[in-house]
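# Quick one, structure for this:
(2 chains)
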Amino acid sequence: MATVLFIVWRESLEAVLVVGILYAYLTRLGTGRRGMRYLFTGVAGGIGLSALLALVTMRIETDLQGQALQYFQVAMMATAATLLTQMVLWMHRHGRRLKHDLEANLDRALSTGNLAGIGVVALLAVAREGAETVLYLYGLGMETHSAGPAAMTGAAVTGFALALATAWLVSRGVRFLNYRTFFRITGVVLLFTAAGMLVSAISQLIGMGVLPSLVDPVWNTSWILDANTRFGGVVAALTGYRPHPSLMLVLLYTAYWGFVVYRLRSTNAIPSPSAPDTATLGA
Amino acid sequence: MLGSVLALAWAVVPAHADTLRVINLSIKQGHFHPQTVQVPAGEKFKLRVTNHGPAVEEFESTDLNREQIVTPGHSIEVYLGPLKPGRYKFFGDFHPDTAKGEIVAEQEKP
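Numbers count the residues shown, from 1 in each chain, chains lettered A, B, ... in the order given. Predicted coordinates:
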């Protein structure tokens, strides 16, 4: 039962963490009911999509459909990673001015496109983790040797509640930070989440034989942090850390962070017109 | 840049796909059979993982950076290698306590 609890906690954590941070974001930005509507529509859509994805996975009949599903998953992860990164960079660019113009110009500053993007991120994050959780619980229910359904349901619900509590603690913690520190910390967390999604997508493409691994593995850091342990597994899921990365993974991961740091730096160079203090995010 | 890498991979990969060594691995009742898979080091190969049920399993290896769902009654194929000599652990993420195994890559003797 400890395994059920742990797996549900881990599968839910990433999605719940992303949604929790987005919630804190929107609260801090004061987008009101409009922002929340986008967020919760995304979450509801994600729950629906995850059930659908689980059903499709269960019904796969041919290798071709299996491949199509894999491509779909890769596309989901790449889209979520792109939108998250774009959102953090956008906040970094506009964050300084937003603080001053928050009430007056919010509609203009925080375009509907950005709010819709937040909804899509929530949808993809929930769908991705939700589908696996559904499959896992469905599979366990079919096994005869597992404990009673009541104990299993209890462990699954506890695992999900723990994920909610974890995300609540994180978003609670960042809520008390000042404006600048809040966006810097949540920005870094979200960028790591996006990088983790990108690593999963690239690994999937390498496993399908679409991308070459080049050198596999390049190095071994499992003596520092072993991803086979429970703690290591969570770190790997949330940051994209891999103890034995292939060269392709290292190149694309480095390219991602290179791009992000370059964009953050180039925004810093532009002087802020309305803010005398050089408050920056994520740099 | 990613686009051109993908295009290149598309052009290169299928040409080799048919000549690859295929190694079979099956899942039954939350266990892998066989638990140890021997492969030659430095060679590409394809692992065909078949799930004989009854539950869904996720074939996962942090050592090899692979993670893929296998539904009961179906198979998945995972492209692997070329591996350096060594032992690479894999596990069933939905039964991490029982579904364990490893791939042993050895230098072929001349």
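
# make it CA atoms for all contacts and neighbour counts henceforth
Will do.

# Tell me where chain B has strands.
Per DSSP state E, chain B carries strands over the ranges B:21-28, B:31-33, B:36-40, B:45-51, B:57-61, B:66-70, B:75-80, B:86-92, B:100-106.

# tell me the most buried of those strands?
strand B:57-61 (a mean of 24; mean count of other Cα atoms under 10 Å in any protein chain shown).

# re earlier: do you know which of the strands of chain B lies nearest A:Arg180?
Nearest to A:Arg180 among the strands of chain B is strand B:66-70 (37.5 Å), distances taken as Cα to Cα.

# what residues are up against whatever residue of chain B ends up closest to chain A?
Ranked by Cα to the nearest Cα, the top residue of chain B for proximity to chain A is B:Ala55, at 4.3 Å. The neighbourhood of B:Ala55, defined by Cα atoms under 8 Å, 6 or more residues apart in numbering or on different chains, consists of A:Tyr138, A:Gly139, A:Leu140, A:Met142, A:Glu143, B:Gln29, B:Gly30, B:Thr71, B:Pro72.

# Model confidence for it, exactly?
B:Ala55 carries a pLDDT value of 86.

# That one and A:Leu83: what is the separation?
34 Å (Cα to Cα, to the nearest Å).

# Mind listing what's buried along the host helix or strand of A:Phe231?
Following DSSP states H and E, one finds A:Phe231 within helix A:230-239. Within helix A:230-239, the residues scored as buried using 16 or more other Cα atoms under 10 Å in any protein chain shown are A:Gly232, A:Gly233, A:Val234, A:Val235, A:Ala236, A:Ala237, A:Leu238, A:Thr239.

# other SSEs contacting that helix?
helix A:2-29, helix A:179-207 (3 or more Cα pairs under 8 Å, 6 or more residues apart in numbering or on different chains; DSSP states H and E).

# Which positions within the first one qualify as buried?
Within helix A:2-29, the residues that qualify as buried by neighbour count (16+ other Cα under 10 Å) are A:4-26, A:28-29.

# same thing with the longest one?
Burial within helix A:179-207, assessed by neighbour count using 16+ other Cα under 10 Å, is assigned to A:179-184, A:186-207.

# go on, stretch A:66-74?
Buried residues in stretch A:66-74 (16+ other Cα under 10 Å): A:Gly66, A:Leu69, A:Gln70, A:Tyr71, A:Gln73, A:Val74.

# residues touching the residue in the stretch 151-283 of chain A that chain B sits nearest to, list them.
Proximity of the stretch 151-283 of chain A to chain B (Cα to the nearest Cα) peaks at A:Gly207, 4.9 Å away. Taking Cα under 8 Å, 6+ apart, we find A:Gly207 in contact with B:Arg66, B:Val78, B:Tyr79, B:Leu80.

# how about 10 Å then?
Applying Cα atoms under 10 Å, 6 or more residues apart in numbering or on different chains, we find A:Gly207 in contact with A:201, A:213, B:46-47, B:64-68, B:77-81.

# which SS class is whichever residue of the stretch 1-150 of chain A sits closest to chain B?
Nearest residue of the stretch 1-150 of chain A to chain B: A:Gly139, at 4.3 Å (Cα to the nearest Cα). Using DSSP: H, G, I helix; E, B strand; the rest coil, the structure places A:Gly139 in helix.

# so it sits right up against B:Asn51, yeah?
No. Counting by Cα atoms under 10 Å, A:Gly139 does not reach B:Asn51; the two are 12.0 Å apart.

# Give the residues shared as contacts by those two.
Residues touching both A:Gly139 and B:Asn51 by Cα under 10 Å, 6+ apart: B:Glu57, B:Thr71, B:Pro72.
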